[in-house]
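I'll drop the sequence and a predicted model, then ask my questions.
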Amino acid sequence: VPLPEHVEVLDLPPFTLTAETVVEVDRAGDEVGRRLASRLGALVGAGLALEVEVSDGPGAGVGSAGEGRPRIRVRVEDQGRAGETAPTCGAALRPVPGAYALRVVPGEVDLVARERTGLLHGLATLAQLVQHPLSRIAACQVVDAPRYPWRGLSLDLARRFHGPATVRTVIDVMASLKLGVLHLHLTDDQGWRLEIPSRPELTARSGGTAVDGGPAGFLTVEEYAGLVAYAAERGVVVVPEIDLPGHVNAALHACPELNPSGQAAPPYTGIEVGFSRLDATLPATDAFLVDVLDDVAAMTPGPWVHLGGDEALASDPEEYRVLVTRAAEILRAAGKEVVGWQELARLSLGPGSAVQYWTSEQDPGPVVAAALAGADVVMSPASRTYLDLKYDATTALGLEWAGHVEVRDSYDWDPDLVLPLPAERVRGVEAALWSETLRTPGDLFHMLLPRLAAVAEVAWTPQHRRDWAGFAARVPTVAAAWDRAGLAWYRSPQITWH
Ligand code: TNX
């Protein structure tokens, strides 16, 4: 999971992973090769890292030490060569980012991609193919590439704070499901979760508040940089969200000058939405936008910053337009592309920008119009991808505003058919985990898994390859890995678990 685009099972004995296995990498694949050696080594013996041998290119390394030992070759090859030398199973390696090809035969595994992300995807596939406890990998050929470039998860750290250790575990799960975008919802009415060097008061005053008193907290500049780096090593790009011009009570609480009265707003620990707003007539508002967005852009190596823009029910349309236009201008001057919730489609931000569709309760017209004007759309329909919604009426945690979302609801839909859009404007799919009701890591993973696996397959696998029965038969193997990682997940009655 997610099901590869092409898989052929070969009529040969399996590859057996042993402590003797040599991982052979070329220079370009060096770092992924090392990751692979320690990941696969851990599967054959706790803490074991397999021997890594760096070769200088195709053919080098043949006849080197370790001949006769099981061998895993990891190679990065450019466009033309990768097309020629990759294992084929009758299919070509498609020229899209993240594609890879994998061949497993007795004594030898061959992994090829054009870039590092592709190798990481191959590693994720390989790790799932290992059969426990015998460390066998069935002989097969896989040629694989993602359906959409944007396969994401939005994590709400603002309502309740979940710290770096939990976020790293989420990143590990994402990487294993070939999800490449971690959208962090860092600011809201209830708390401000990212230290802003030019505005230390934001976290000093609003880092310690949260829904119903907690858990609260915030990421320091160093912690955020650490998460961004941890994610990047695993092929995941972090997209920070600074939600505006609504959902800003934490800022109004921390910065008195953002209030017309000049008095700090009281902290807010409830779960209502739509009551707070930035005031476009205050000069302090523009200074705030510049300081915060410049700092966030500087702290973020990825190409995108998310501006929120949702549920700004207290802003009139003109004020909304002025503030969001200004915020987008600041981000673009800082070299970032803008992403926003679907309400942002009321502004025409044009090519390069993306709007995130989330609810059918609003007129989809502006989203369609924005797409026709060149913006991309990321699909997060709440009834499919909001993983904070209850599975069914018996789920203790979660909200119900868009109904219940069982695993099959997260699986059985086609992102290209949600709205009447040109298919090439659908950039991808993103799940969302809001944290109004989620306090602990256990709460979080109970809601996330197995639904995140369903959304990951929607985002990766071609529509014609997908069917619920196939997914339901494959997902228990992945759940066994969640068990080995000690993650609490929901045993949905829709699936027959081992
Ligand atoms: C809607 S989605 C929201 C969030 C809530 C979520 C709860 C969106 C853009 N706004 O503020 O946390 O529903 O499911």
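Looks like it came in fine.

nearest to the ligand: which residue in the stretch 351-498 of the chain?
residue 434 (3.5 Å; C-beta to the nearest ligand atom). The C-beta positions use only the backbone N, C-alpha and C, and glycine is treated the same way.

residue contacts, that residue?
Residues in contact with residue 434 (C-beta atoms under 8 Å, 6 or more residues apart in numbering) are 156, 159, 185, 386, 388, 399.

please redo it, this time with the cut-off set to 7 Å
By C-beta atoms under 7 Å, 6 or more residues apart in numbering, the residues touching residue 434 are 156, 159, 388.

buried subset of those, written for ChimeraX?
Remark: buried members of those, expressed as a ChimeraX selection using 16 or more other C-beta atoms under 10 Å:
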select :156,159,388
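
show me where pLDDT drops low in the chain?
Under the criterion pLDDT under 70, the flagged ranges of the chain are 57-65, 79-89.

near the ligand, which residues of it are found?
Within reach of the ligand by C-beta under 6 Å from any ligand atom, the chain has these residues: 273, 310, 311, 341, 358, 386, 388, 399, 434, 436.

got a PyMOL select line for the buried ones in those?
To isolate the buried ones among the residues of the chain next to the ligand in PyMOL, judged by 16+ other C-beta under 10 Å, type:
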select buried, resi 310+311+341+358+386+388+434+436
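
who's in contact with the nearest residue to residue 422 once chain neighbours are set aside?
The shortest distance from residue 422 to any non-neighbouring residue, by C-beta to C-beta, 6 or more residues apart in numbering, is to residue 371 (6.6 Å). Counting by C-beta under 7 Å, 6+ apart, residue 371 makes contact with 377, 421, 422, 425.

wasn't residue 371 part of a helix?
Yes - under DSSP: H, G, I helix; E, B strand; the rest coil, residue 371 sits within a helix.

quick one, what contacts the residue in the stretch 51-200 of the chain that the ligand sits nearest to?
Per C-beta to the nearest ligand atom, residue 156 is where the stretch 51-200 of the chain lies closest to the ligand, at 6.2 Å. Under the criterion of C-beta under 7 Å, 6+ apart, the neighbours of residue 156 are 185, 433, 434, 435.

over to the last one: give its phi and psi.
In this case it means residue 435. Here is the backbone geometry of residue 435 (degrees, to the nearest 10): phi -120, psi 20.

got it, and the first one?
Note on residue 185: backbone dihedrals following degrees, to the nearest 10 are phi -80, psi 100.

one step back: now neighbour count and secondary structure too, for the contacts of residue 371, in TSV please.
Shown next, in TSV, are those (neighbours: other C-beta atoms under 10 Å; DSSP: H, G, I helix; E, B strand; the rest coil):
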residue	neighbour count	secondary structure
377	26	strand
421	21	coil
422	11	coil
425	21	helix
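
which one of these is nearest to residue 291?
Proximity of the contacts of residue 371 to residue 291 (C-beta to C-beta) peaks at residue 377, which lies at 30.4 Å.

kindly state the beta-bridge partners for the closest one.
residue 355, residue 426 (DSSP bridges).

contacts only, for it.
Contacts of residue 377 by C-beta under 7 Å, 6+ apart are 354, 355, 357, 367, 371, 421, 425, 426, 427.

quick one: contacts for the second one?
For residue 355, the contact set (C-beta under 7 Å, 6+ apart) comprises 340, 342, 344, 345, 367, 370, 375, 377.

next: residue 366.
345, 346.

and stretch 431-449, how far from the chain's centre?
15 Å (C-alpha atoms, centre = their mean, to the nearest Å).

same question but for stretch 246-259, I mixed them up
Using C-alpha atoms, centre = their mean, the offset of stretch 246-259 from its chain centre is 29 Å.

flag every buried residue along that stretch.
246, 247, 248, 249, 250, 251, 252, 253, 254, 255, 258, 259.

ok, now stretch 110-129?
110-129.

check stretch 29-36 too.
So, applying 16+ other C-beta under 10 Å, buried residues of stretch 29-36: 29, 32, 33, 34, 35, 36.

elements contacting the helix or strand harbouring the third one?
When elements are defined using DSSP states H and E, residue 33 is found to belong to helix 30-44. With contacts defined as 3 or more C-beta pairs under 7 Å, 6 or more residues apart in numbering; DSSP states H and E, the packing partners of helix 30-44 are strand 22-26, strand 51-55, strand 71-76, helix 116-129.

which residues touch the last one?
Meaning helix 116-129. Taking C-beta under 7 Å, 6+ apart as the rule, helix 116-129 contacts 4, 29, 32, 35-36, 39, 74, 76, 97-100, 102, 109, 111, 113, 137-138, 142, 144, 175-176, 178, 234-235, 477-478.

restricted to buried residues, select those residues in PyMOL.
In PyMOL syntax, the buried subset of the contacts of helix 116-129 is picked out as below (16+ other C-beta under 10 Å):
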select buried, resi 4+29+32+35+36+39+74+76+98+99+100+102+109+111+113+137+142+144+175+176+178+234+235+478
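
could you list which of the contacts of helix 116-129 belong to strands?
Among these, the ones falling in strands (DSSP state E) are 74, 76, 100, 102, 109, 111, 113, 137, 142, 144.

who are the contact partners of the fifth one?
For residue 109, the set of contacting residues under the criterion of C-beta under 7 Å, 6+ apart consists of 15, 72, 73, 126.

now the second one
By C-beta under 7 Å, 6+ apart, residue 76 lies in contact with 26, 28, 29, 113, 114, 115, 116, 119.

mind running it again at 8 Å?
Shown in contact with residue 76 (C-beta under 8 Å, 6+ apart): 26, 28, 29, 112, 113, 114, 115, 116, 118, 119.

could those residues go into CSV alongside distance to residue 304?
Output for those, formatted as CSV (distance: C-beta to C-beta, whole Å):
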residue, distance to residue 304
26, 31
28, 26
29, 27
112, 29
113, 23
114, 22
115, 19
116, 19
118, 21
119, 23
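
three-state assignment of residue 154?
Residue 154 is classified as strand under three-state DSSP.

domain-wise, how is the protein divided?
6-144, 150-484 (automatic domain parsing).

and the last one, how far from the chain's centre?
The chain centre lies 10 Å from the centre of domain 150-484; the measure is C-alpha atoms, centre = their mean.

next, the distance between the ends of that domain.
28 Å (C-alpha to C-alpha, to the nearest Å).

same question for the shortest one.
The first and last residues of domain 6-144 sit 6 Å apart, counting by C-alpha to C-alpha.

circling back to that earlier point, does the residue of the stretch 51-200 of the chain closest to the ligand have beta-bridge partners, and which?
residue 185.

likewise residue 51?
Beta-bridge partners, per DSSP bridges, of residue 51: residue 22.

residue 124 versus that one, what's the distance?
22 Å (C-beta to C-beta, to the nearest Å).

just residue 331 next, same as before
In terms of C-beta to C-beta, residue 331 sits 31 Å off from residue 124.

coming back round to it: want to throw the residues of the chain next to the ligand into JSON lines with secondary structure?
Shown next, in JSON lines, are those (three-state DSSP):
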{"residue": "273", "secondary structure": "coil"}
{"residue": "310", "secondary structure": "coil"}
{"residue": "311", "secondary structure": "coil"}
{"residue": "341", "secondary structure": "strand"}
{"residue": "358", "secondary structure": "coil"}
{"residue": "386", "secondary structure": "strand"}
{"residue": "388", "secondary structure": "coil"}
{"residue": "399", "secondary structure": "strand"}
{"residue": "434", "secondary structure": "coil"}
{"residue": "436", "secondary structure": "coil"}
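
which among the residues of the chain next to the ligand gets closest to residue 466?
Checking the residues of the chain next to the ligand one by one against residue 466 (C-beta to C-beta), the nearest turns out to be residue 386, at 20.3 Å.

the closest one against residue 435, yeah?
No - between residue 386 and residue 435 there is no contact under C-beta atoms under 8 Å: 12.0 Å.

secondary structure element holding residue 7?
Assigned by DSSP H and E, residue 7 falls in strand 6-9.
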